[in-house]
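Participant: the following comprises the amino acid sequence and a computationally predicted model.
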Amino acid sequence: MSILKSTLIFLSAIAFFHSALADCDIRSASQLTHEREVGPVTDLEKTKSAGKCAVRYRLLVDGVWNLVEAEETGLEQEESLCYYAIEKGRKELLVGLGGKFQTEAITVCKDGRSSGVKINTGDTILEGEVAWTKNGKYFNYRNSKCRLFIERRELNRQLNVNYGVICQLDSVGINWIVVDKW
Amino acid sequence: MLSYEELKNYPTQCEKADLQLQQLRQIQVLKNFDSDPDNLNEDDRKYNGRLKATIWWYVYQCEKS
């Protein structure tokens, strides 16, 4: 609880700082991270039907066996749905087990009016600034760790949904670059 | 040039990645869509979205970088 208190005080200080200096833009992002030893999928059973795949398997997490059951529906081929279902089950299990809550923030000060929060190709951002796609995973692209993102914004009074790819810019993993957007 | 329906049903295969990506990237060059999808009309946005998603599918799903 004391860590949470410290975090809240820190974030409040940032907010005060922001209001005092109107030319500064604060970017903050948070994510739940996991540091667990996870074994491979074991004793996998797949049940496929049209537009659906249900999976059942065991997963060793920090030396403890867990039974995982998950299913995924969609328009993709059943084998792809099975893959997504496996990932979904693993993710739900790990989220349920909890982890560490990380918050990162940077303050960017510049002259003139803030340019707003739209993410564009070529922008450097924090990873947590963009949401994960459903069934998302990290992948390798040109020796960089990348992932898909989804962006939902209001445009002309309608919900506008864009997808894109971000990749790590440095080995520390703080800065990510928007590689593509569609 | 592929129609939107042909693009939607494009038979992506990792084994044919090199050849298929060549075709898809050629379409990208010919279409020359704006890099900001918010600047595209409805039809172009759909086509561009499907085209890019298909191209990235190879990176995402196949064991290549």
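Facilitator: Yes, it's here. Numbering: from 1, shown residues only, chains lettered A, B, ... in the order given.

Participant: what's the nearest residue to whichever residue of chain B sits closest to chain A if we skip its chain neighbours?
Facilitator: As assessed by C-beta to the nearest C-beta, chain A sits closest to residue B:52 within chain B, at 4.0 Å. All C-beta spots, glycine's among them, are computed from the backbone N, C-alpha and C. Spatially, and ignoring its direct neighbours in sequence, residue B:52 is nearest to residue A:182 (4.0 Å; C-beta to C-beta, 6 or more residues apart in numbering or on different chains).

Participant: pull up the per-residue confidence for residue 17.
Facilitator: Since no chain was named, I'll use chain A. With respect to pLDDT, residue A:17 scores 47.

Participant: not what I meant, chain B
Facilitator: Per-residue confidence (pLDDT) for residue B:17: 93.

Participant: got it, and the one 3 residues further on?
Facilitator: In the predicted model, residue B:20 carries a pLDDT score of 95.

Participant: please, where are all the helices along the chain?
Facilitator: Defaulting to chain A. For chain A, the helices defined by DSSP state H occupy A:2-20, A:78-97.

Participant: wrong chain, I was asking about chain B
Facilitator: If DSSP H is used as the criterion, the helices of chain B fall at B:4-8, B:17-31, B:42-61.

Participant: a markdown table for the ones you listed, including mean neighbour count?
Facilitator: Shown next, in a markdown table, are the helices of chain B (neighbours: other C-beta atoms under 10 Å in any protein chain shown):
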| stretch | mean neighbour count |
| --- | --- |
| helix B:4-8 | 12 |
| helix B:17-31 | 13 |
| helix B:42-61 | 16 |
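
Participant: near residue B:37, how many other residues are there?
Facilitator: Per other C-beta atoms under 10 Å in any protein chain shown, the neighbour tally for residue B:37 reads 21.

Participant: what's the closest of the helices of chain B to residue A:118?
Facilitator: Among those, helix B:42-61 comes nearest to residue A:118, with 15.7 Å by C-beta to C-beta.

Participant: just checking the distance from the closest one to the centre of its chain.
Facilitator: Relative to the chain's own centre, helix B:42-61 is displaced by 4 Å; criterion: C-alpha atoms, centre = their mean, to the nearest Å.

Participant: so where's chain B shaky on pLDDT?
Facilitator: Along chain B, the model assigns pLDDT under 70 to residues B:63-65.

Participant: so for it, the centremost residue is which one?
Facilitator: Centroid check for chain B by C-alpha atoms, centre = their mean gives residue B:51 as the closest residue, at 2.3 Å.
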